[in-house]
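Novice: From the sequence below, what's the structure:
(one chain, ligands or ions: 1)
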Amino acid sequence: MSDLYSRHRDVLPEWLALYYKDPLEITHGEGRHVWDADGRKYLDFFGGILTTMTAHALPEVTKAVSEQAGRIIHSSTLYLNRPMVELAERIARLSGIPDARVFFTTSGTEANDTALLLATTYRRSNQLLAMRNSYHGRSFSSVGITGNRSWSPTSLSPLGTLYVHGGVRTRGPFAHLSDADFIAACVADLKDLLGQGRPPAALIAEPIQGVGGFTSPPDGLYAAFRDVLQERGILWISDEVQTGWGRTGDHFWGWQAHGRSGPPDLLTFAKGIGNGMSIGGVVARAEIMNCLDANSISTFGGTQITMAAGLANLTYLLEHDLQGNARRVGGLLIERLRAVAAQLPVVREVRGRGLMVGVELVRPGTDEADPDAAAAVLEAAREGGLLIGKGGGHNTSVLRIAPPLTLTVAEAEEGTAILERALRSVG
Ligand code: PMP
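Specialist: The predicted structure is shown next:
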């Protein structure tokens, strides 16, 4: 055990999850690569859990951050803040939400907390709908809408939450159905849950579940849900913490895969927009955003330095069409991984969109999730010089691949080759 690991264990909580038997210490990064404390280089297929949206040490972001640091890092939320206004204007336009207002937070958890505050206040109800197997954060309220039990450490939530089927396409009682029948079954389930009672405030959902294993609900599911919700005045909150900013290639936001539903009432974001700096936020129609009748600030939400990073990062993303890159390179990566998977019975499915790719592992010859194989592949990939993630309910048997969006074709091929060797080493 390294000295740092034993010091970590002596002072930090046991539940603070760490990857690898011999945990890694990353000391620096560049582009799609990071280096550990021993100087070993890794290809980063997890983008620091999707926080490195464009690239490690992107010169444009580093320059914006250091210039801003030389002027002022943070004044006060109580004064005007130019980069905050500028980033809010751009996000409001990109969100697709009419008459949009933006509130900046420090994390995805705080963004979802804020969305819950707004939706429950606006609708005067503490009842919520959330998806089974979902993850929305670690605060007291966001664990109360997190369906993934291994990431929801208390059941004492003040929210009354009903959990809906549909986030996971490949498992569960409706898995055998065609896409259209699957959607119909989930809609029937939703209507049944709602019954005749007073409608809940909102449905919160990740368009593709992240921690839950990069799941792939059929396109149109949330459009079908939306019809049911709108009839009853229930708001739709799209948690875009993992699916936002073009990562899914075909769309800028995950909700757009459910086209005819139009934009959600509220959208939450975090992770990648700051390229590693802490930015989260909520976008909502003005009448919803402005429903609070008391003051509410986030001291560190929207600091000048994080906003400068967000502006530089977003500019780079748009100017270099990284959504297009996610579609092209991600499409190729999925194709290559599917070709590898076809020869390996340990892989049940390669799924994904753009640069959000899941590889689900099973015990060969069965449909049983294989978390041991996933853990072994993670270790073997690291040995081979590749960092990936894992997820997928209480049986974390899905390898998660979400590289920085500047990934090149050569890097996609290099990563596939390393992953293939890692997969072959477990069968
Ligand atoms: N929502 C989703 C979909 C997430 O994946 C996460 C983080 N994994 C969060 C919310 C919480 O974000 P944070 O860790 O920044 O609080």
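Novice: Relative to its centre, which residue of this structure is most distant?
Specialist: Here the chain has its C-alpha centre computed as a mean, and the residue farthest from that point, by C-alpha atoms, centre = their mean, is residue 196 with 33.3 Å.
Novice: And that one, how far from residue 130?
Specialist: Computed with C-beta to C-beta, to the nearest Å, the distance linking residue 196 and residue 130 is 21 Å. (Each C-beta comes from the backbone N, C-alpha and C, glycine too.)
Novice: One more: residue 187?
Specialist: In this structure, residue 187 and residue 130 are 16 Å apart, going by C-beta to C-beta.
Novice: Hmm, residue 67 is touching residue 308, no?
Specialist: Yes. A contact is recorded between residue 67 and residue 308 when judged using C-beta atoms under 8 Å, the distance being 7.3 Å.
Novice: before we move on, back to that, counting neighbours, go ahead and name the busier of residue 187 and residue 130.
Specialist: Set residue 187 next to residue 130 and count neighbours by other C-beta atoms under 10 Å: residue 130 wins out with 26 against 18.
Novice: got a list of what the more buried one touches?
Specialist: 136, 145-147, 161-164, 203-205 (C-beta atoms under 8 Å, 6 or more residues apart in numbering).
Novice: That one looks like it's in a helix, true?
Specialist: No. The secondary structure assignment for residue 130 gives strand rather than a helix, going by DSSP: H, G, I helix; E, B strand; the rest coil.
Novice: Tell me the bridge partners for it.
Specialist: residue 163, residue 204 (DSSP bridges).
Novice: if I look at it, how far off is residue 141?
Specialist: Between residue 130 and residue 141 the computed distance is 11 Å (C-beta to C-beta).
Novice: Contacts for the top helix by length along the chain, please.
Specialist: As assigned by DSSP state H, the longest helix anywhere in the chain is helix 322-341. Applying C-beta under 8 Å, 6+ apart, the external contacts of helix 322-341 come out as 53-54, 245-252, 316-317, 347, 349-350, 352-357, 359, 401, 405-409, 412-413, 415-416, 419-420, 423.
Novice: Show me which of those are buried.
Specialist: Among those, those classed as buried by neighbour count (16 or more other C-beta atoms under 10 Å) are 53-54, 245-252, 316-317, 347, 349-350, 352-357, 359, 401, 405-407, 412, 415-416, 419-420, 423.
Novice: What pLDDT is listed against the residue of the chain found nearest the ligand?
Specialist: Across the chain, no residue is closer to the ligand than residue 108, which sits at 2.4 Å (C-beta to the nearest ligand atom). As summarised for this prediction, residue 108 has a pLDDT of 98.
Novice: Kindly report the same for residue 394.
Specialist: Reading off the model, residue 394 has pLDDT 69.
Novice: swap in residue 230?
Specialist: Here the pLDDT value assigned to residue 230 is 96.
Novice: Let me know the helix or strand that it is in.
Specialist: Element membership for residue 230 (DSSP states H and E) is helix 221-231.
Novice: ok so, going back, C-terminal to the longest helix of the chain, what's the next element?
Specialist: strand 347-353.
Novice: Could the C-alpha coordinates of that following strand be exported in CSV?
Specialist: Taking Å, rounded to 0.1, in the frame of the first residue of the first chain, the C-alpha atoms of strand 347-353 are listed here in CSV:
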residue,chain,number,x,y,z
VAL,A,347,-19.4,-9.0,-23.4
ARG,A,348,-23.2,-8.9,-23.4
GLU,A,349,-23.6,-5.6,-25.2
VAL,A,350,-21.7,-2.5,-26.5
ARG,A,351,-24.0,0.4,-26.4
GLY,A,352,-23.8,4.2,-26.5
ARG,A,353,-24.0,7.4,-28.4
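Novice: Which elements pack onto it?
Specialist: Contact analysis of strand 347-353 by 3 or more C-beta pairs under 8 Å, 6 or more residues apart in numbering; DSSP states H and E lists helix 322-341, strand 356-361 as its packing neighbours.
Novice: next structured bit after the helix or strand of the chain with the lowest mean pLDDT?
Specialist: The helix or strand with the lowest mean pLDDT-type score in the chain, counting by mean pLDDT, DSSP states H and E, is helix 47-50 (a mean of 86). On the C-terminal side of helix 47-50, the nearest following helix or strand under DSSP H and E is helix 59-71.
Novice: I'd like to know which elements that next one is packed against.
Specialist: So helix 59-71, by 3+ C-beta pairs under 8 Å, 6+ apart, packs with helix 304-319.
Novice: How far off centre is the helix it packs on?
Specialist: Here the centre of helix 304-319 is set off from its chain's centre by 19 Å, with C-alpha atoms, centre = their mean, to the nearest Å.
Novice: tell me the angle of that helix relative to helix 322-341?
Specialist: Taking axes from the mean of the first three to the mean of the last three C-alpha atoms, to 10 degrees, one finds that helix 304-319 is oriented at 70 degrees with respect to helix 322-341.
Novice: Not counting its own residues, what contacts helix 304-319?
Specialist: Outside of helix 304-319, the residues within contact range by C-beta under 8 Å, 6+ apart are 53-54, 58, 60-61, 63-65, 67-69, 71-75, 81-84, 86-87, 90-91, 104, 245-246, 272-279, 322-323, 405.
Novice: need the helices for the stretch 151-300 of the chain, in chain order.
Specialist: Here the stretch 151-300 of the chain has its helices, by DSSP state H, counting those that start in this stretch, at 179-194, 221-231, 286-289.
Novice: In the last one, which residues are buried?
Specialist: Neighbour counts over helix 286-289 (16+ other C-beta under 10 Å) mark 288-289 as buried.
Novice: Centroid-nearest residue for this protein?
Specialist: In the chain, the C-alpha closest to the average C-alpha coordinate belongs to residue 242, at a distance of 2.0 Å (C-alpha atoms, centre = their mean).
Novice: Show me which residues of the stretch 101-250 of the chain are close to the ligand?
Specialist: Those residues of the stretch 101-250 of the chain that sit near the ligand, judged by C-beta under 6 Å from any ligand atom, are 107-109, 112, 135-137, 206, 210-211, 239, 241-242.
Novice: Identify the farthest-apart pair in those residues.
Specialist: 107 and 206 (15.5 Å; C-beta to C-beta).
Novice: C-alpha coordinates for the helix holding residue 230, PDB please?
Specialist: As requested, C-alpha coordinates have been extracted for helix 221-231 and formatted as PDB (Å, rounded to 0.1, in the frame of the first residue of the first chain):
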ATOM      1  CA  LEU A 221     -39.500   7.500 -24.400                       C
ATOM      2  CA  TYR A 222     -39.400  10.900 -22.700                       C
ATOM      3  CA  ALA A 223     -41.600  12.400 -25.400                       C
ATOM      4  CA  ALA A 224     -44.200   9.800 -24.600                       C
ATOM      5  CA  PHE A 225     -43.800  10.500 -20.900                       C
ATOM      6  CA  ARG A 226     -44.000  14.200 -21.500                       C
ATOM      7  CA  ASP A 227     -47.600  13.800 -22.900                       C
ATOM      8  CA  VAL A 228     -48.700  12.100 -19.700                       C
ATOM      9  CA  LEU A 229     -46.900  14.700 -17.600                       C
ATOM     10  CA  GLN A 230     -48.200  17.700 -19.400                       C
ATOM     11  CA  GLU A 231     -51.800  16.600 -19.100                       C
END
